[in-house]
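> Kindly generate the corresponding structure for this input.
(chains A, B, C and D)
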There are 2 protein chains.
Amino acid sequence: MKSKIECSECKNEKCLIKQGCFDEWLTKISTNKFQYSYKKGDYIFREGEPIYGIYFIQHGGVKIVTTSLHGREQIVRLAKEGQILGHRGLGRTKYYFNSVALKDSLICFVENELFYDACMHCPMFAYNLIFFYASELRRAELRVKYQAQMNIREKVAMAFIYVYEVFGMDPVTKMLNISLSRQDIADLAGTTAEQVTRQLRDFENEKLIARNKREISFLNINKLENIVSDYKIE
Amino acid sequence: MKSKIECSECKNEKCLIKQGCFDEWLTKISTNKFQYSYKKGDYIFREGEPIYGIYFIQHGGVKIVTTSLHGREQIVRLAKEGQILGHRGLGRTKYYFNSVALKDSLICFVENELFYDACMHCPMFAYNLIFFYASELRRAELRVKYQAQMNIREKVAMAFIYVYEVFGMDPVTKMLNISLSRQDIADLAGTTAEQVTRQLRDFENEKLIARNKREISFLNINKLENIVSDYKIE
DNA sequence: AACCAAACCTGCCTTTTCGCAGATAGATTT
DNA sequence: AAATCTATCTGCGAAAAGGCAGGTTTGGTT
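Numbering: from 1, shown residues only, chains lettered A, B, ... in the order given. This is a model prediction of the structure:
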């Protein structure tokens, strides 16, 4: 790590620490936090490793993955700047999941004790965390339903919509602001890379997407959303 | 509601309010909370209804369910005494899910403002809530993986293990402390009632369960757990 | 420009799951 | 006890998804 970016200089206004902590505690966290940078593909933490604290993404993109004895993986969540990492481990001693950088990322790390103290002294921080968890939980439980009830076409469409919602797309090129392999999409959608390929062919024929080399541009996000509209809430 | 059970008299030691709130706030909550009783099959809340507060189960059992346009349902969670209900809605104005009593239940209701104030003044309450959410989230995200990767046999086994973990079983009769229909099991496992029936036949042939009338007794929980051991963590 | 490795695509067959429809059993009412 | 309703069970054909094998494209390297 070259030069640590202090919380006061950090431009990430969505960071829960910045939003909820009193100035006194913001300073305390800033001086005591650690900051690490990761290259695309690097692990932030691995299943089974001991948990010493909690991560806040200052910049970048990350996938949280779980493996089984089949070699098959499942992407459990995507996260970008402003979001938390490793928070499922609270109250635990070891990580349940793996976390891998999807692009070069800068991530802050706050130790358990400091985090605990901040929660005790900054009620707004704790309350915002509760909100954050509530929305994560809602999203995760919807994904349970999606995995249980959607067919492959819907799952793949949903996977792209999710990536779009998290990372957004370039308004000009219409390409997602993150590059994922077929296997990544499959691990997110809960299917195989072959099925993803077949769906991409279909989507291309239907003019929902266009493909140039290995890059995908999204011609019609609305139609993608129509595919999964049976499951939408609100 | 006949006579309200005050928090001070409540024997439910796992209630987060009792565990985390200062005495002053425990009293305040107790006097201002509402208490409702539900018969088996009653809705506690429905998708789309406005959210005025948060529920704490004092006694009973509940399923949280989501529906799609296919008529197919998905049980998202089971909850019993000591657990919270409607907490996914925090930060929202309307419920995403339906909540139905699985047996006669007594449930306390705390309004949003009071809940907010308690979080602000009782840091241990807020912190415990964060822990509660963290474990719920971990569980939900594991269920995403299960739905994505398990076959029907594993899903049905997992559904029973989950019911067993939440509600437990009678040590003598070896029957679960809650009665669920085939359709309920299917909605939990993420499949159809027919498939559940077929699996039950297989489990019976393998001496994992025994059936008398419509009741199921679990002869060998360990073997059930072996079925899903590929997915177990730790 | 030629080469190579990795990622991607596609056809084809196998396996799994679904879902209807009719049979049966258990619970409830008369 | 008979009638009736509901839940459960089972067989069977249809549909969906999986997965292998081999071919093709792409991006990077020599």
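> Every contact and neighbour count from this point should use C-alpha atoms.
OK.
> In chain A, mark out all the strands, start to finish.
Counting by DSSP state E, one finds strands in chain A at the ranges A:34-38, A:43-45, A:53-67, A:73-80, A:84-85, A:98-111, A:209-212, A:215-218.
> Among these, which comes closest to residue B:196?
strand A:73-80 (24.8 Å; C-alpha to C-alpha).
> Residue A:179 is in contact with residue A:168, correct?
No. The pair residue A:168 and residue A:179 fails to qualify as a contact (C-alpha atoms under 8 Å) at a distance of 11.6 Å.
> The closest residue to DNA strand D within chain A: neighbour count?
Nearest residue of chain A to DNA strand D: residue A:151, at 3.0 Å (C-alpha to the nearest atom of the strand). When neighbours are counted by other C-alpha atoms under 10 Å in any protein chain shown, residue A:151 registers 12.
> any idea of the pLDDT on it?
On pLDDT, residue A:151 comes in at 95.
> before we move on, what about residue A:233?
67.
> Residues of chain A that sit close to DNA strand D?
Listed as neighbours of DNA strand D in chain A under the rule C-alpha under 7 Å from any atom of the strand: A:150, A:151, A:152, A:153, A:190, A:191, A:192, A:194, A:195, A:212, A:213, A:214.
> Contacting chain B as well, which ones from those residues?
A:190, A:191 (C-alpha under 8 Å from any C-alpha of the partner chain).
> Separate out the buried members of the residues of chain A next to DNA strand D.
A:150, A:152, A:153, A:190, A:191, A:192, A:195 (16 or more other C-alpha atoms under 10 Å in any protein chain shown).
> from the residues you listed, which single one is nearest residue A:35?
Checking those against residue A:35 with C-alpha to C-alpha, the nearest one is residue A:190 at 32.9 Å.
> ok, back up a step: specify the stretch among the strands of chain A that is closest to DNA strand C.
Nearest to DNA strand C, of these and by C-alpha to the nearest atom of the strand, is strand A:209-212 at 7.4 Å.
> Identify each buried residue in that closest one, please.
Buried-residue list, strand A:209-212, by 16+ other C-alpha under 10 Å: A:209, A:210.
> for it, the distance to its chain's centre please.
A distance of 24 Å separates the centroid of the chain from that of strand A:209-212, by C-alpha atoms, centre = their mean, to the nearest Å.
> Tell me if stretch A:70-90 is near DNA strand C.
No. In terms of C-alpha under 7 Å from any atom of the strand, no part of stretch A:70-90 sits within range of DNA strand C; the closest distance is 13.8 Å.
> Restrict that stretch to CA atoms and write it as PDB.
Only the C-alpha atoms of stretch A:70-90 are listed here, as PDB (Å, rounded to 0.1, in the frame of the first residue of the first chain):
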ATOM      1  CA  HIS A  70     -18.800 -30.900  -7.200                       C
ATOM      2  CA  GLY A  71     -16.500 -28.300  -8.400                       C
ATOM      3  CA  ARG A  72     -19.500 -26.200  -9.000                       C
ATOM      4  CA  GLU A  73     -19.500 -22.700  -7.700                       C
ATOM      5  CA  GLN A  74     -22.200 -20.200  -6.800                       C
ATOM      6  CA  ILE A  75     -21.800 -16.500  -6.800                       C
ATOM      7  CA  VAL A  76     -23.700 -15.400  -3.800                       C
ATOM      8  CA  ARG A  77     -23.400 -11.600  -4.200                       C
ATOM      9  CA  LEU A  78     -21.700  -8.900  -6.200                       C
ATOM     10  CA  ALA A  79     -20.400  -5.800  -4.400                       C
ATOM     11  CA  LYS A  80     -18.800  -2.500  -5.500                       C
ATOM     12  CA  GLU A  81     -17.600   0.700  -3.900                       C
ATOM     13  CA  GLY A  82     -19.500   1.800  -0.800                       C
ATOM     14  CA  GLN A  83     -20.500  -1.700   0.100                       C
ATOM     15  CA  ILE A  84     -19.400  -4.000   2.900                       C
ATOM     16  CA  LEU A  85     -17.600  -7.300   2.700                       C
ATOM     17  CA  GLY A  86     -17.300 -10.100   5.200                       C
ATOM     18  CA  HIS A  87     -20.200  -9.000   7.300                       C
ATOM     19  CA  ARG A  88     -21.900 -12.400   7.100                       C
ATOM     20  CA  GLY A  89     -19.100 -13.500   9.400                       C
ATOM     21  CA  LEU A  90     -20.200 -11.300  12.300                       C
END
